[in-house]
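1. Next input, structure requested:
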Amino acid sequence: METTEKRFESDIEAAFLSPSGGYTKGTDTYDPELGLYVNTLIGFIQATQPKEWARFERQNEVNPVRKFCLAFNAACDADGLVSVLRHGFKHKGITFRVCYFKPESGLNDTAAQRYAQNVICCYRQWYYSADTKKSVDMVLTVNGIPVFAFELKNQYTGQNVENAKRQWMYDRDPREVCFQFNKRILGYFCVDHLEAWMATKLAGKDTYFLPFNQGSNGAGQDGGKGNPPNPDGYPTAYLWEQVFQKDSMMDILQKFIHLQVKEEKKRMPDGAEKLVKKKTLIFPRYHQLDVVRKLLADVSANGAGRNYLIQHSAGSGKSNSIAWTAYRLASLHNREDKPVFSSVIVVTDRTVLDAQLQETISGFDHTLGAVETIGEDKTSKDLRDALNAGVRIIVTTLQKFPVIFREVDKAAGRCFAIIVDEAHSSQTGSAALKLKTALADTEEALREYAELEGKAEEELDPDDKLMQEIIVQGKHKNLSFFAFTATPKDKTLELFGTEYEDGSFHPFHIYSMRQAIEENFILNVLQNYMTYETCFKIAKTTADNPDLPASRAAKVIRRYQELHPYNISQKSQIIVETFRETTRHKIGGRGKMMVITSSRLAAVRYYHEVKRYIQEQGYDDVEILIAFSGAVRDGDEEYTEPKLNVRKDGSHIAETQTKVEFHENFNVLIVAEKYQTGFDEPLLHTMIVDKKLKSVKAVQTLSRLNRTCPGKNDTFVLDFVNTQEDILEAFQPFYQETMLQQEVNTDLIYQTQRELRGYGIYSDVDIEAFAKEYFKTGRQDARSMGRMTSILKPVADRYNQKTTDERYQFRRQIRSLIKWYSYISQVIRMFDKDLHKEFVFCSYLLGLLPAEAVDMVDLEGKLKLEYYKLQKTFDGQIELQEIKGVYEPAKQKGAAGHDPKEPLDEIIEKINEKYKGAFTEGDRVLLNALHTRLMANKKLASMAKTSDPQIFAESIFPKAFGDAAQDSYMESQDTYTTLFEDQHKYNAIMSALAEVIYRELRNQ
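-> Residues are numbered from 1 along each chain as shown. Okay, the predicted model is just below:
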């Protein structure tokens, strides 16, 4: 067995030169000064553009070959090689093309013949310099132009990709013509048997290499970094067999590589700031290339009408993936060489994406037409006109559709690709339904409806409003949805996911948080996590002991503690000192901090207290900003974001300038809701959390920290509110693949329907009377709404005669029916006319029901903070498990009980008990684990439903608790030893759990 590096080279070369590889073995001589295989390039020009070459020769009688090469180099200096390859260049009135790309449509025979005339070669041992005898292992050329270079390393000779990286960084001079940015080589690859890495710019020791691996389980699959074994060869063979196969490589040159230009402020030696253009060559990362091509292949094979869920982590380059997908879908043709989609619609709330799409697509193709952005400065009518005109790519928000959903031309055969940026629950709302109403071709649904009605299609009344609403529901063959998200919810999975044979739903393509972290595309925000517990005691300052609604009173008391000046002053000190001790030393002294507060009022008070503390201490290195929406009143003062945010020169900062000012001139940002999602600031290193965070919101908020930049090696979170377990529970489902076990049971909605009817507030007669008026054909007259209200009024009167608790339960159930039906109707077309009528009836009835009078819980001046302590409960890394996130089938929530009234003393006692800090963090883990084990006990659940609370707590629960404790002890003796050593603790935990478990099992 030959295991030399030369053997590795020859194996790769053999693949390139094979019929499937598509390359020719290069035999030309390289000119290092011109950076070209000159004979090949000139031969290509003479063969494909003879008239242009003859004209050029007449203009340049002396040494036309050299002059052509110099003209080509001048074009590369001016526009960059990527542009010259795609669009050619002009010289003295003559236009030359230096390569031809594969035509999108098969109708153009001339373009196909020209593509075949490209001379695409592979060279081994490329001697690139006139000054040295050094060579690069392999180079790929297009018509004599070097475009991709490879350093190949063999583990069996003691070298790997790290040696290749060092070679590119220290042994290759970036000043050589062939290594200058965007002049020749567009991708520098480091390859060994197991891994591939790449860079698009040589910058000596600052050269930045990115992994170009598939992932440990293969492309688009759930896993970590690296590559899987390859039963047919090297684990990295995908690079030369697929990615750089001739047609694939040309496709990347034409449709993927992208020159990104950003303006940045640069501080000059004299202290002045200058705007400089930063150019970056974007080569698709492996998962981006893979997802775009797999999406295109699936649409090409199956046509329009399918949905796709792409679970790509933060830091995956989602904006570029969406831009490439939009561009490729807009130019995709079917077997008849007609465009598959009339328009590609990108639904987003991110204005940044609009500009990026525009820039990316215009760099690829001037013929496709501009991207039309329907932003804040445009109306829904602009969206309607763009759709009716067949604009190829439209970027808009979901909220623009409800205004124009009836005004989009219904031309037969029009298909739409809808790319959803950050797919979440808004896709089950009314705006999403209006998008479908605007774009769906309902012909198939109409046939199905006619069949159910036992009529011919032409017999159906085109003005039947009930029919128009029902046939829009479910999926449609002319609509394809491409949903991108890092954190798919269960409903998102059912709406857009791929259903497997076993009935489960999965993403179409995965680039997991785990893989992104392992490949260092994002930082692990759970690596340095510190939690604090706030222990406090509140006392009454009044003899009154009124009965108050328990949960609302508890919120008021907790809010009193949260906003108490002492609480805010203690935490403000920690915020400032954490910044000075940790944050400001990070990222080369540029580290920034974000403080997440629970309310706008809390944000304002933190702002003032942090300012006061900074001034008191005489610190001059902490510059703070605040971000919140609207106006906040605190006492007699009213505050807004621009009023509080002031530059050193005294000028106020507009809301639109907050992001830029934070990046350039400030280092602590206090926020209330604003900037918790979608905010991209790589210099953000530290986050202080003083707000309860759950599920997707927790992941999105903390992910503000994960962006990488030079000099940023870690992050830090200090959390005053959430526990280690809370955060683990929020992140775990999205660490790897997220899936849904099975589809929703749509029939559960009929249970809600029956429960609603049980209140005796409305009947079929009421619904029919309402539907007759609401779905009446013809235009609405001046009395229609009045008649509708009059039909609903007796129903509202019957509602008002019910008890407070019955009204509360009815409202909960009616909201549940509306929400549940909105979701189901997106997933499936049920053609249940009666249910649809009831849904519309309930939607309007809810608006007519008077809001329940809420007694204000006024505890002003009746409470005082008697005891307060902040104690650290956790400091370290929160470890995520390498497991899938699994949602059980979506269930409908039943109505919760009404807020019971309890004496103020009892409420305060419960809160103090909860926050007094008697248990350790270990006890909290122990409690949660026992709670989970006991809740899973089916026998206990059955007995809870048939026993009264006392019998359950005293006779049934102790044995179950003892068994659970023993089983837990056998699994983890260290954790549970204290439970059996301290009988008082054992009894206290058992007693506390008995009450909670009983209540929760009864409510299941």
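2. which sections of the stretch 201-350 of the chain are below the confidence cut-off?
-> Counting by pLDDT under 70, the stretch 201-350 of the chain contains low-confidence residues at 265-268, 270-271, 350.
3. What lies in contact with the host helix or strand of residue 262?
-> Secondary structure assigned from DSSP states H and E places residue 262 in strand 258-267. Identification of contacts with strand 258-267 by CB atoms under 8 Å, 6 or more residues apart in numbering yields 80, 82-83, 182, 273-282, 320, 359-360, 363-364, 664. C-beta: built from backbone N, CA, C; applies to glycine.
4. Tell me the buried residues in it?
-> Of the residues in strand 258-267, 258-259 count as buried by neighbour count, 16 or more other CB atoms under 10 Å.
5. Please apply the same query to stretch 82-89.
-> So, applying 16+ other CB under 10 Å, buried residues of stretch 82-89: 82-87, 89.
6. What of stretch 125-141?
-> For stretch 125-141, the buried set under the neighbour-count rule, 16+ other CB under 10 Å, comprises 126, 128-129, 136-141.
7. Redo the residues you listed as TSV? Include distance to residue 51.
-> Compiled in TSV, those are given as follows (distance: CB to CB, whole Å):
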residue	distance to residue 51
126	33
128	34
129	36
136	37
137	40
138	36
139	31
140	30
141	25
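8. what's the closest of those residues to residue 375?
-> Checking those against residue 375 by CB to CB gives residue 140 as the nearest, at 41.2 Å.
9. what is the closest one paired to in the beta sheet?
-> Residue 140 forms beta bridges with residue 122, residue 148, as assigned by DSSP bridges.
10. Okay, and which of the buried residues of stretch 82-89 map to strands?
-> residue 89 (DSSP state E).
11. How are the helices of the stretch 601-750 of the chain distributed by residue range?
-> Ranges of helices in the stretch 601-750 of the chain, per DSSP state H, counting those that start in this stretch, are 641-644, 658-664, 695-702, 724-731, 748-757.
12. swap that for the stretch 801-950 of the chain, sorry
-> Taking DSSP H, counting those that start in this stretch to define them, one finds helices in the stretch 801-950 of the chain at 804-827, 833-848, 904-915, 921-935, 938-946, 949-951.
13. just so I know, which of the ones you listed lies nearest residue 326?
-> Shortest distance between residue 326 and these, using CB to CB, is found for helix 804-827: 22.7 Å.
14. starting at the chain centroid, how far to that closest one?
-> Computed by CA atoms, centre = their mean, to the nearest Å, the separation of helix 804-827 from the middle of its chain amounts to 29 Å.
15. Likewise for stretch 829-836?
-> 33 Å.
16. any idea of the mean pLDDT for that stretch?
-> For stretch 829-836, mean pLDDT rounds to 85.
17. quick check, nearest of the buried residues of stretch 125-141 to residue 15?
-> Comparing these against residue 15 with CB to CB picks out residue 138 as the nearest, at 11.3 Å.
18. what secondary structure does that closest one sit in?
-> For residue 138, the assignment made with DSSP: H, G, I helix; E, B strand; the rest coil gives strand.
19. okay but it is in contact with residue 123, surely?
-> Yes: Residue 138 sits in contact with residue 123 when judged by CB atoms under 8 Å, with a separation of 6.9 Å.
20. circling back: rebuild the buried residues of stretch 125-141 as JSON lines, extending it with pLDDT and distance to residue 820.
-> As requested, the buried residues of stretch 125-141 are exported to JSON lines (pLDDT from 0 to 100; distance: CB to CB, whole Å):
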{"residue": "126", "pLDDT": "96", "distance to residue 820": "65"}
{"residue": "128", "pLDDT": "94", "distance to residue 820": "66"}
{"residue": "129", "pLDDT": "93", "distance to residue 820": "70"}
{"residue": "136", "pLDDT": "96", "distance to residue 820": "62"}
{"residue": "137", "pLDDT": "96", "distance to residue 820": "61"}
{"residue": "138", "pLDDT": "97", "distance to residue 820": "60"}
{"residue": "139", "pLDDT": "98", "distance to residue 820": "61"}
{"residue": "140", "pLDDT": "98", "distance to residue 820": "56"}
{"residue": "141", "pLDDT": "98", "distance to residue 820": "61"}
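21. Tell me which two of the residues you listed sit farthest apart.
-> Comparing every pair within those by CB to CB identifies 129 and 140 as the most remote, at 18.4 Å.
22. Let me see the contact set for residue 506.
-> For residue 506, the set of contacting residues under the criterion of CB under 8 Å, 6+ apart consists of 309, 493, 497-498, 500, 737, 739-740.
23. er, residue 341 I mean
-> For residue 341, the contacting residues are 304, 329-330, 332, 415-417, 480, taking CB under 8 Å, 6+ apart as the criterion.
24. rewinding a little: note down every partner strand of the strand holding residue 262 and its orientation.
-> For strand 258-267, the paired strands and their directions (DSSP bridges) read strand 273-282 (antiparallel).
25. Show me what counts as buried in the partner strand.
-> Neighbour-count burial for strand 273-282, with 16+ other CB under 10 Å as criterion, is recorded at 281-282.
26. three-state assignment of the closest residue to residue 784 other than its chain neighbours?
-> Closest residue in space to residue 784, ignoring its immediate chain neighbours: residue 773 at 6.8 Å, by CB to CB, 6 or more residues apart in numbering. When the structure is reduced to helix, strand and coil (three-state DSSP), residue 773 reads as helix.
27. quick revisit: pull the distance from the strand holding residue 262 to the chain's centre.
-> In terms of CA atoms, centre = their mean, the centre of strand 258-267 is set 24 Å apart from its chain centre.
28. Can I get that strand in PDB? Just the C-alpha atoms.
-> Taking only C-alpha atoms (Å, rounded to 0.1, in the frame of the first residue of the first chain), the coordinates of strand 258-267 have been written out as PDB:
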ATOM      1  CA  HIS A 258     -20.100  37.000  -3.900                       C
ATOM      2  CA  LEU A 259     -18.100  40.200  -3.300                       C
ATOM      3  CA  GLN A 260     -19.500  41.900  -0.200                       C
ATOM      4  CA  VAL A 261     -18.600  45.500   0.300                       C
ATOM      5  CA  LYS A 262     -19.200  47.200   3.700                       C
ATOM      6  CA  GLU A 263     -18.300  50.700   4.800                       C
ATOM      7  CA  GLU A 264     -16.600  50.900   8.200                       C
ATOM      8  CA  LYS A 265     -15.100  53.700  10.200                       C
ATOM      9  CA  LYS A 266     -11.400  53.400  10.700                       C
ATOM     10  CA  ARG A 267      -9.400  55.400  13.300                       C
END
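29. Near residue 490, how many other residues are there?
-> In terms of burial, residue 490 registers 22 neighbours under the definition other CB atoms under 10 Å.
30. Tell me where the model's unsure across the stretch 751-900 of the chain.
-> Where the stretch 751-900 of the chain drops into low confidence, which here means pLDDT under 70, it does so at 852-869, 889-900.
31. Contacts for the helix or strand harbouring residue 72, please.
-> Element membership of residue 72 [criterion: DSSP H and E] is helix 64-79. When contacts are taken as CB under 8 Å, 6+ apart, the neighbours of helix 64-79 outside the stretch itself are 31, 34-36, 38, 41-42, 45, 56-57, 60, 84, 87, 89-91, 96, 98, 177, 182-184.
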